[in-house]
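Asks: all I have is the shape, not the residue letters:
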Ligand SMILES: Cc1ncc(C[n+]2csc(CCOP(=O)(O)OP(=O)(O)O)c2C)c(N)n1
C-alpha cells in the first residue's frame, strides 16, 4: 500500500506505514482483523453470520479468523437463536453479526432470551456511519442501544484510522466485550460498527499488523483465575460455605428446590448429592440437572396440587437454588409458606421471589457453597420426613404410569396398542435418551410434561430450554445451535421436543440445518394448534378461542420436511418412537418424528392423571 492510495493522513510506525481514515476500507479491515483475532484468543470458537452489504467487513473478518468457525444463516432471527444455543451448550460466548436496519432488530428476541437466561452473546451490528444517519439513506434505523436494558453493555465503536494505538484499543475492546459478557451475571453485549464504503478491498490486506497480538496467542487482556473452577478452588468456596451455613439454620425438615441452571453441568449432581446426604427432599426442575439421586421427588408438580398433602408436607426450611422451577403448583406452594425460612442461593444473587416470601438471600457459587458446608449441615435431615415424600412420589409414579401407559415394557404395550400420548412422549424421552445426549425442550407443554411426568434418572440426558423469557420463537434454531457445538467427539446426539405451533414458527431454521449439515432429531407433538391453551379458562370461548388462541393450521409436516431435505417419520406407537430415539444417537441429518395427538383428549388425559394421583395419595 502506498500513500497515494489514500486521501487521508498516514501514521508511521517502525516496520510499516498505515493509512488513516480508511478511504479504501483497509483501516476498517485491519481493525476488525485484530478485533476478531482477540475474540478467538479469549476462547471464542464460534460466530454466526447473516447476509447483507454493510456487514461485509465484519462477516469476512469473522470468517477469516483462525480458530473461529463462522456459521452462515439466511435469517438473523435464526442466527441469533443458533448463537444462543451454541453458547448455552458450550458455556462460551458466541458472536453474531448482521447488517443494518431491521436485520439488527431481528436479533432482539435472542438478545432478550440471552439476558434473561444468562447466556453470553457478543452482538456485532453493522451500521451506516454518522453522516448517513437520519438523512434518508437506505436501510438505516437508530441502532444505538437498540436492545435497551437487555444488553449488558453497549458500545458505539466509531470509525477509526488503523493506527497502532487504535488497533491496540480494538484488541482491548474485543477482550472487554468477551469478559463483560461472562463477568458476574452472564449476558449479551452489543457493539455497533459504523462502516463506510468501500466495503470490500481492492488490494489484499497487508499481513503486517499495526499492533500485533501478544506473544504465545495470549489475549490482549487476560482474565485469570475466574470461573467456576477458580471459585471452587479458592478461598471463595470456604467463604461461600460459611455464608450458606450461617443462612440456613440446621433443620431436620427442609426441602431443596432446584431451578434452571444450564451453565454448570456439574452443579445438578452436586445438588443431588447434597440433598441425599442431608436427607432433604429435592424438588428439581428438569432444567436444573439435579433431578437425580435418592432424594429426588420427580412428581412434585402433581403432589403439590393436593392442598392437604402440601399442608402435611410443610417444611421448616426451604433452600432454593438457581431460578424458580416452571411448575405453577410448586410456585404456589412456596408462596403459601409465608412463615417458613426460605433461603435463596444463586451464583449472581439473582432475585427469584415473585411472592415476596424469601427470608435470606445468598449470592455465592452454589457448587462451591454446598461443597464447603460443615458436616452438621450436610446431615441434618430427618430420614422419616424424606421417606414420607418418597412414598408419596412412588404412589404418584404408579398412578401416572397406569394412566399414561408408562408402567411397563413390551408386555404392557400389547394391552394398550403401544399408543402414544403427550405425557408419555415426555417420559419416554428422558427414559430412552442416553446421558451424553442433549434434550432441547420447547417452552410450551413439552417442558411442563417433562417436569410433571418424567422420572428422576441418574443417567438422564442434559436438558435445555428457552425458559428465560419462555418464548416459543427460535426453538428450532437454538436446538440446532446446541447440535453445532462440538463439545464431545463424536458429537453427542441432540433431540428437540417441540409442539407444532413452535415448529411452524421457526421452520426456516431447518434451512440452516441443511446448509450446515447438522444432525437433529425433532420429536414433534402435533395437536394442530396450541394445546397448552386448552388448560386455561379461555378454552371455554368457543370458535373465537379456536381461531385466535388455539390457531389450528392443518400443516402437513411431511411436506415441510421434504422442502428442507429432512426425513419424516410418523410415530403412531412406542416401538417406532423408541427406534427413532435409538437412531437419533447416531443419526445423520434432520429427522422429524411426528406424534399426532388431539388437544381436548390431551387435557382429559392430564386430568385423569391428576385425579389418579390424588386418589392414590388419599389411599
Ligand atoms: C414468541 C412467543 N409468542 C407467543 C407465545 C405464547 N404461546 C405460548 S405457548 C404457545 C403455543 C404453543 O403451541 P405448540 O408449540 O403447538 O405447543 P403445545 O402447547 O401444543 O404443546 C404460544 C403461542 C410465546 N410463548 N412466545
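Replies: Good, I have the coordinates. In this text the structure is predicted, and so the values were computed from the model without any measurement.

Asks: and the host helix or strand of residue 511, anywhere near the ligand?
Replies: Here residue 511 is covered by helix 509-516, with elements defined by DSSP states H and E. No - residues of helix 509-516 contacting the ligand under CB under 6 Å from any ligand atom: none, with a closest distance of 14.0 Å. Any C-beta I mention is one placed from the backbone N, CA and C, and that applies to glycine too.

Asks: for the closest residue to the ligand within the stretch 1-150 of the chain, give me its contacts.
Replies: Proximity of the stretch 1-150 of the chain to the ligand (CB to the nearest ligand atom) peaks at residue 109, 6.9 Å away. Residue 109 makes contact with 77, 80, 81, 469, 471, 473, 474, according to CB atoms under 8 Å, 6 or more residues apart in numbering.

Asks: same question for residue 202.
Replies: By CB under 8 Å, 6+ apart, residue 202 lies in contact with residue 24.

Asks: what's the distance between it and residue 25?
Replies: Distance of residue 202 to residue 25, computed by CB to CB, to the nearest Å: 8 Å.

Asks: in this protein, which helix has the most residues?
Replies: Ranked by residue count, the top helix of the chain under DSSP state H comes out as helix 383-404.

Asks: got a pLDDT number for the residue lying closest to residue 133 once chain neighbours are set aside?
Replies: Leaving aside its chain neighbours, residue 133 sits nearest to residue 140 (5.7 Å; criterion: CB to CB, 6 or more residues apart in numbering). Looking at residue 140, its pLDDT reads 93.

Asks: same check on residue 173?
Replies: So, for residue 173, pLDDT stands at 98.

Asks: which residues does it contact?
Replies: Contacts of residue 173 by CB under 8 Å, 6+ apart are 35, 155, 157, 191.

Asks: what do you get for residue 494?
Replies: Per CB under 8 Å, 6+ apart, neighbours of residue 494: 437, 438, 439, 440, 479, 482, 483, 519, 520, 521.

Asks: for the second one, list each beta-bridge partner.
Replies: In this structure, residue 438 has beta-bridge partners residue 462, residue 494, where bridges are defined by DSSP bridges.

Asks: retrieve the pLDDT associated with it.
Replies: Listed pLDDT for residue 438 reads 96.

Asks: now for it, how many residues are close by?
Replies: 22 (other CB atoms under 10 Å).

Asks: how much space separates it from the ligand?
Replies: 20 Å (CB to the nearest ligand atom, to the nearest Å).

Asks: ditto for the first one
Replies: Counting by CB to the nearest ligand atom, the separation of residue 437 from the ligand is 21 Å.

Asks: where does the protein get nearest to the ligand, residue-wise?
Replies: Counting by CB to the nearest ligand atom, the chain gets nearest the ligand through residue 499, at 2.2 Å.

Asks: test my guess that residue 565 contacts residue 514.
Replies: Yes - if you go by CB atoms under 8 Å, residue 565 and residue 514 touch, sitting 5.0 Å apart.

Asks: enumerate the residues of the chain near the ligand.
Replies: Near the ligand, when you scan the chain using CB under 6 Å from any ligand atom, you find 442-445, 470-473, 499-502, 527, 530-532.

Asks: could you turn the buried ones of those residues into a PyMOL selection?
Replies: Applied in PyMOL, the following selects the buried portion of these according to 16 or more other CB atoms under 10 Å:
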select buried, resi 442+443+444+445+471+472+473+499+500+501+502+527+530+531+532
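
Asks: give the rounded mean pLDDT of stretch 38-49.
Replies: For stretch 38-49, mean pLDDT rounds to 98.

Asks: take the contacts of residue 109 and keep only those in helices.
Replies: Per DSSP H, the contacts of residue 109 map to helices at 77, 80, 81.

Asks: what's the end-to-end length of stretch 130-139?
Replies: In stretch 130-139, first residue to last residue: 13 Å (CA to CA, to the nearest Å).

Asks: other residues contacting that stretch?
Replies: Applying CB under 8 Å, 6+ apart, the external contacts of stretch 130-139 come out as 54, 99, 100, 101, 127, 128, 140, 142, 194.

Asks: which non-adjacent residue is nearest the second one?
Replies: Closest residue to residue 99 apart from its sequence neighbours, by CB to CB, 6+ apart: residue 52 at 2.4 Å.

Asks: now the helices for the stretch 401-550 of the chain?
Replies: 409-416, 422-432, 445-453, 475-484, 500-505, 509-516, 542-545 (DSSP state H, counting those that start in this stretch).

Asks: how about the ones you listed, which one is nearest residue 176?
Replies: helix 475-484 (24.4 Å; CB to CB).

Asks: which elements pack onto that closest one?
Replies: helix 76-90, strand 438-441, strand 494-499, helix 500-505, helix 509-516, strand 520-526 (3 or more CB pairs under 8 Å, 6 or more residues apart in numbering; DSSP states H and E).

Asks: one step back: which two of the contacts of residue 173 have the greatest separation?
Replies: 35 and 155 (11.4 Å).

Asks: neighbour-wise, which of the two wins?
Replies: residue 35 (27 against 15).

Asks: next secondary structure after the helix or strand containing that one?
Replies: Under the criterion of DSSP H and E, residue 35 resides in helix 26-41. Going down the chain from helix 26-41, the next helix or strand is strand 46-49, by DSSP H and E.
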